[in-house]
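>>> sharing a sequence plus its predicted fold:
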Amino acid sequence: MDYPAAVLAHFAAPRHAGELPQGPGAVFSGRAGALAEGVVVSFQLRVLNDSIQALTFRAYGCPYTLAACSLAAEGLQGAPVALLRDFTIGQVADQLQVPPGKRGALLRIEDALRSCWRAWDNSQLSRSSASRSDP
Amino acid sequence: MDYPAAVLAHFAAPRHAGELPQGPGAVFSGRAGALAEGVVVSFQLRVLNDSIQALTFRAYGCPYTLAACSLAAEGLQGAPVALLRDFTIGQVADQLQVPPGKRGALLRIEDALRSCWRAWDNSQLSRSSASRSDP
Amino acid sequence: MSEPVYLDYAASTPVDPQVADAMDACLRDPDAMANAAATHWAGRAAAARAQPAREQVAQLIGARAGEIVWTSGATEADNLALVGAARFQQQRGRHIITALTEHPAILESCRSLQAEGFQVSYLSPNGAGLVEPESVAAALREDTVLVSLAHVNNELGVIHDIAAVGAICRTHGALLHVDAAQSAGRESIDVKAQQIDLLSLSAHKMYGPKGIGALFLDAERCRRVSPLLHGGGQERGLRPGTLPVHQVVGMGMAAELARARLASDPPAILALRRRLEAGLLALPDVQLNGSPEQRSCHIVNVRVGGVEGESLRLGLRRFALSSGSACAAESGEPSPVLRSLGIADHLALSSLRISLGRGSTAAEVDALVAAVDATSQRLRALAPA
Amino acid sequence: MSEPVYLDYAASTPVDPQVADAMDACLRDPDAMANAAATHWAGRAAAARAQPAREQVAQLIGARAGEIVWTSGATEADNLALVGAARFQQQRGRHIITALTEHPAILESCRSLQAEGFQVSYLSPNGAGLVEPESVAAALREDTVLVSLAHVNNELGVIHDIAAVGAICRTHGALLHVDAAQSAGRESIDVKAQQIDLLSLSAHKMYGPKGIGALFLDAERCRRVSPLLHGGGQERGLRPGTLPVHQVVGMGMAAELARARLASDPPAILALRRRLEAGLLALPDVQLNGSPEQRSCHIVNVRVGGVEGESLRLGLRRFALSSGSACAAESGEPSPVLRSLGIADHLALSSLRISLGRGSTAAEVDALVAAVDATSQRLRALAPA
Ligand SMILES: Cc1ncc(COP(=O)(O)O)c(C=O)c1O
Ligand SMILES: Cc1ncc(COP(=O)(O)O)c(C=O)c1O
């Protein structure tokens, strides 16, 4: 139960946790996991010009999961939304020295972010189909 | 290996051990036991007027055996030789608090004393037969 | 991490200074150095040094000195009791009864007996974590030779009605083994009145040294068991090895102190436990695991809803407490004991076993309650709705 | 009885004051109080306290820390090695080789394995008390899985050529277990060079505490054995029970001191042994039991002719010495070890095992020689021609 310093730091003061700050742009959210799995992760993001203007998380999970959410959220501020489609948590996990046994739970972070992307992507489709159907 | 005080006393200073002192009367001896049994006992006695004028022992054996020889020899000084025929070591063993497991070896004391008596008894027979055959 | 707080007295207790003094004296005493089985002066001196300890331990449980066999701890005592008695009794029958809530030393011994062809019934506890005497009675079969039940359960702290189970076993003819590692020095034990045939003890659960324990074997009912270790014939042939005089002296002293303090220690600890329970159960979504009444003075087990267990424990890490039996490194698996009570896995994982002892204070208890409050609030605020 | 003299260091040794200091500190240290398997700060502190000891013990025998399993003594280590390895290997074969001269912990473990269907060859020693490597080679069968031989025999003090036996076992594929309770700290041991797969140690034979020992298991050749005790999974699942931190710290310190003194202690004790041998063997009808050359520094075993053994020992009772393995109370039976050398029963019974240690002095040795002389003269004078 000795955690890497970075994990402890994120656990003590997670970044971008909780409510999405007010601002311009559309809001999308995604969620993955279940209590019975020991991990539930949700993200919210505000998108302007196809890029992530702000991204926040909520999580129920082990300290590695919480830290990974925090670090991932940090890294994704300002990134293009499209990036979330194939986002993988590997680099974050390496940075936090997450042990092999704990990496499975972190996949839910990928799932939740992909689900954010899907919501955004769906909105793009419907907008373009809307624009098509409503010329 | 904690011995009764009486056993320790006889062990430290056995009485009537070794050579029979010089004196009047005939000498008889008896022996019993074997190295392999862990006990060898021998007695010598000098007899005058059918009584034990002096009795000594030699013994190879455990401390109880040595003490029992010493105490028995003490008790038999001056006794009628005939007593040796049915001498039993029980009383001596009780006095010395000899534990049950050690009493077997003490029977060799009875055997050796009986063998003394037999030597004496034989000499009586031969003397009387001699007197008969030599009138 | 500001001042660490130890709240894991059920896992192990500090050594009482008087016990340490007695052991230290023994370690340095030429008269205690020899092999106590040797018949020379030095051996007899060592045996004499050890002898009172057997008496002291026997007195704590209402037994006679000759009914005590030294072991390396309660684990070995449990193994010797179960495997030893089962093997020795197997002509009479090959069925054993125990509970799902027992310590791994019991459960794993039973599994090894199953591999030898014994049959084992693992009784489920009721919702309060207790195995009811009636369920023991119902499980008894003609070929039942042994029943094993902890006096105080090490995870929940609940107290079994051993006297009732003892009476049932005595009527049936099965032997009763009781693991008293948690109850010794906390609950009064009388092996004769409670009709216990075998009983396991561990010194380090009662302010004595680690690495020494004892098995009581009733002189009339259970003179012999099959030994697990073979060697020089010490301990009436039941447990070979050179007698560890200083360890035995330490356990004896610990038992004597425990007996002397039986009227004062447990009530003081109980008062703290009530304060702790009141504090914790007043927090949102905190529930007690196991019976609220039939419970030892020193153990509280609660589940904290809405927070993940590992994060909860990290938030509480200045407190040494356990999430289950602290026997082996935390596995990340939910406690089988809590599972057997029907508690959901995620709640079993966010349960805390808090155990108090002679060194515990109201300030420590209050600090824990405040920390559980703060951590659980913080973690719940982080969690998705 | 004027000043008693301790000459039974092969049975047990006094605890070195530095060892006692380390243990005492540990018994009183809050950081060593917890269950070392617990994952909280207190558990990790206790584990950290214990960790160097594994290293210290490993270094004494040329092993790695991860190859050490703590036990309650050499008796348990012997049992775990023999029964555990035999059971674990039984698919490969069910034949074991050992010697008639081994300690009861070995011989009785073998008997219990025979009851489980294993076959055991008990090798006879040669007239010098030594099992020759060739006789091990000759006894090996296709189904031999384990050979067990003491490094130094506890009654005779003779030293086996373990490296030669190790090479033979390695070629064959059988595991080699060595009981090094008597040799550790007296002979140099290198498990890798000597090709030893399992090795038993006991702290109290090397100025450490009683009730703690260790089993070395070679990481490549013998990672697992079947455990004898079942429970919380400590010691890689091989030996459950709460780690006795103070005991382990004591054994570690004893091992470190033994290693540091390996160049100085044994030669000093050897010089005393030579003085003792010279004195004793100059007395009439006193003969050495076992090899005069291939012998540990600390043990002398002699037979005294023409005197009965129990009386001889009573005459020498201010000296604590043994007539055989001091394991259980002297039984009055001749030592099976001496018997296996072809020594007549009455001479086996009047044999003395004298063992020297760090506290022994020339004056003590001379006093013993004088007492053997006086007592044997006196008893011989009492004996019938
Ligand atoms: C109920 C119970 N039985 C047995 C044990 C094992 O005790 P020991 O550490 O003395 O082997 C413990 C503690 O771990 C326990 O709580
Ligand atoms: C060779 C040998 N093996 C094993 C043992 C048993 O050691 P312990 O007392 O640590 O169980 C001894 C000592 O009695 C011994 O001399």
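On my side now, so go ahead. Ligands and ions are numbered 1, 2, ... in the order given.

>>> give me the number of residues near residue 100?
This is for chain A. The number of residues packed near residue A:100 is 7, by other CB atoms under 10 Å in any protein chain shown. (Glycine included, C-beta is placed from N, CA and C.)

>>> try chain C instead
Around residue C:100 there are 15 residues (other CB under 10 Å).

>>> for it, list the residues it contacts.
Contacts for residue C:100 (CB atoms under 8 Å, 6 or more residues apart in numbering or on different chains) come out as C:122-125, C:336-337, C:340.

>>> adding neighbour count and distance to chain B, write those residues out as JSON lines.
Formatted as JSON lines, the contacts of residue C:100 follow (neighbours: other CB atoms under 10 Å in any protein chain shown; distance: CB to the nearest CB, whole Å):
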{"residue": "C:122", "neighbour count": "15", "distance to chain B": "49"}
{"residue": "C:123", "neighbour count": "20", "distance to chain B": "49"}
{"residue": "C:124", "neighbour count": "13", "distance to chain B": "54"}
{"residue": "C:125", "neighbour count": "23", "distance to chain B": "53"}
{"residue": "C:336", "neighbour count": "16", "distance to chain B": "53"}
{"residue": "C:337", "neighbour count": "27", "distance to chain B": "51"}
{"residue": "C:340", "neighbour count": "17", "distance to chain B": "55"}
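
>>> just those: which are in strands?
C:122-123 (DSSP state E).

>>> pull out the buried positions in stretch A:79-92.
A:81, A:84, A:87, A:89, A:92 (16 or more other CB atoms under 10 Å in any protein chain shown).

>>> all strands for the chain, in order.
Let's take chain A. A:26-34, A:39-48, A:51-60.

>>> correction: the question concerned chain C.
C:5-6, C:68-71, C:95-99, C:119-123, C:144-150, C:175-179, C:198-202, C:213-217, C:286-288, C:299-304, C:319-320, C:351-355.

>>> and the contacts of residue C:100, which two are furthest apart?
Pairwise distances across the contacts of residue C:100 (CB to CB) peak at 13.6 Å, for the pair C:123 and C:336.

>>> rewinding a little: which one of the buried residues of stretch A:79-92 sits closest to residue C:193?
Once CB to CB is applied, the member of these that ends up nearest residue C:193 is residue A:89, at 61.5 Å.

>>> returning to that earlier point: dump the contacts of residue C:100 to CSV, plus distance to chain D.
Below are the contacts of residue C:100 laid out as CSV (distance: CB to the nearest CB, whole Å):
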residue, distance to chain D
C:122, 15
C:123, 19
C:124, 22
C:125, 20
C:336, 13
C:337, 13
C:340, 18
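
>>> wait, does the longest helix seen in chain A contact chain D?
Looking across chain A with DSSP state H, the single longest helix is helix A:100-133. No: using CB under 8 Å from any CB of the partner chain, helix A:100-133 stays clear of chain D, coming no nearer than 13.8 Å.

>>> what's that helix packed up against?
strand A:26-34, strand A:39-48, helix A:63-76, helix A:90-95 (3 or more CB pairs under 8 Å, 6 or more residues apart in numbering or on different chains; DSSP states H and E).

>>> one more time with 6 Å, if that's ok
Helix A:100-133 sits against strand A:26-34, strand A:39-48, helix A:63-76, with contacts defined as 3 or more CB pairs under 6 Å, 6 or more residues apart in numbering or on different chains; DSSP states H and E.

>>> how about a markdown table for the strands of chain A, with mean neighbour count and mean pLDDT added?
A markdown table is the format used below for the strands of chain A (neighbours: other CB atoms under 10 Å in any protein chain shown; pLDDT from 0 to 100):
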| stretch | mean neighbour count | mean pLDDT |
| --- | --- | --- |
| strand A:26-34 | 18 | 97 |
| strand A:39-48 | 23 | 97 |
| strand A:51-60 | 23 | 97 |
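
>>> to ligand 2, which of those strands lies closest?
Checking these against ligand 2 by CB to the nearest ligand atom gives strand A:39-48 as the closest, at 49.2 Å.

>>> for residue C:384, give me its contacts.
Shown in contact with residue C:384 (CB atoms under 6 Å, 6 or more residues apart in numbering or on different chains): A:40, A:42, A:58.

>>> ok, and which of those residues reach chain C?
With CB under 6 Å from any CB of the partner chain as the criterion, the contacts of residue C:384 include A:40, A:42, A:58 near chain C.

>>> wait, which of the residues you listed is closest to chain B?
Lowest distance from chain B to the ones next to chain C among the contacts of residue C:384 (CB to the nearest CB) belongs to residue A:40, with 73.9 Å.

>>> check contacts around that closest one.
A:33, A:60, C:384.

>>> nearest to residue C:238 among those residues?
Using CB to CB, these come closest to residue C:238 at residue A:60, 52.0 Å.

>>> partner residues bridging the closest one?
Beta-bridge partners for residue A:60, by DSSP bridges, are residue A:40.

>>> I figured it hits residue C:383, correct?
Yes: between residue A:60 and residue C:383 there is a contact under CB atoms under 6 Å: 4.0 Å.

>>> can you pull the residues of chain A lying near chain C?
A:17, A:35, A:40, A:42, A:58, A:60-63.

>>> max pairwise distance over those: which two?
Top of the distance list for those (CB to CB): A:17 and A:35, 18.9 Å.

>>> can you give me the helices in the stretch 151-300 of chain C?
C:162-172, C:245-260, C:265-281 (DSSP state H, counting those that start in this stretch).

>>> quick one, domains of chain C?
Per the record, chain C has its domains at C:5-14+C:263-382, C:17-260, by automatic domain parsing.

>>> of all the contacts of residue C:384, which comes closest to chain D?
The nearest one, if we look at the contacts of residue C:384 relative to chain D and count by CB to the nearest CB, is residue A:40, at 24.2 Å.

>>> one step back: lowest average confidence across the domains of chain C, which one?
In terms of average pLDDT, domain C:5-14+C:263-382 trails the rest of those, at a mean of 93.

>>> starting at the chain centroid, how far to it?
Taking CA atoms, centre = their mean, to the nearest Å, one finds the center of domain C:5-14+C:263-382 at 17 Å from the center of the full chain.

>>> then stretch C:44-51?
Distance, centroid of stretch C:44-51 to centroid of chain: 28 Å (CA atoms, centre = their mean).

>>> neighbouring contacts of it?
Here stretch C:44-51 has contacts from C:31-32, C:34, C:36, C:243, C:245, C:248, using CB under 6 Å, 6+ apart.

>>> could you dump those into CSV and include distance to ligand 2?
Conversion of these to CSV gives the following (distance: CB to the nearest ligand atom, whole Å):
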residue, distance to ligand 2
C:31, 19
C:32, 15
C:34, 12
C:36, 11
C:243, 9
C:245, 12
C:248, 14
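
>>> may I see those residues organised as TSV, with neighbour count and distance to chain B added?
Shown next, in TSV, are those (neighbours: other CB under 10 Å; distance: CB to the nearest CB, whole Å):
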residue	neighbour count	distance to chain B
C:31	15	16
C:32	25	19
C:34	30	13
C:36	26	14
C:243	24	18
C:245	30	19
C:248	30	22
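
>>> quick one: closest of the domains of chain C to residue D:313.
Proximity to residue D:313 (CB to CB) singles out domain C:17-260 among the domains of chain C, at 8.0 Å.

>>> for stretch A:5-19, buried residues please.
A:7, A:9-11, A:14-17.

>>> state the pair within the residues you listed that is farthest apart.
Between any two of the buried residues of stretch A:5-19, the greatest separation by CB to CB is 16.3 Å, found for A:7 and A:16.

>>> list the contacts of residue C:139.
So residue C:139 contacts C:97, C:121 (CB under 6 Å, 6+ apart).

>>> redo that, cut-off 10 Å
Neighbour list for residue C:139: C:95, C:97-99, C:121-123, C:131, C:147 [criterion: CB atoms under 10 Å, 6 or more residues apart in numbering or on different chains].

>>> and if you look at residue C:290?
C:101, C:125, C:127-130, C:153, C:155-159, C:299-302, C:337-338, C:341, C:343 are the contacts of residue C:290 under CB under 10 Å, 6+ apart.
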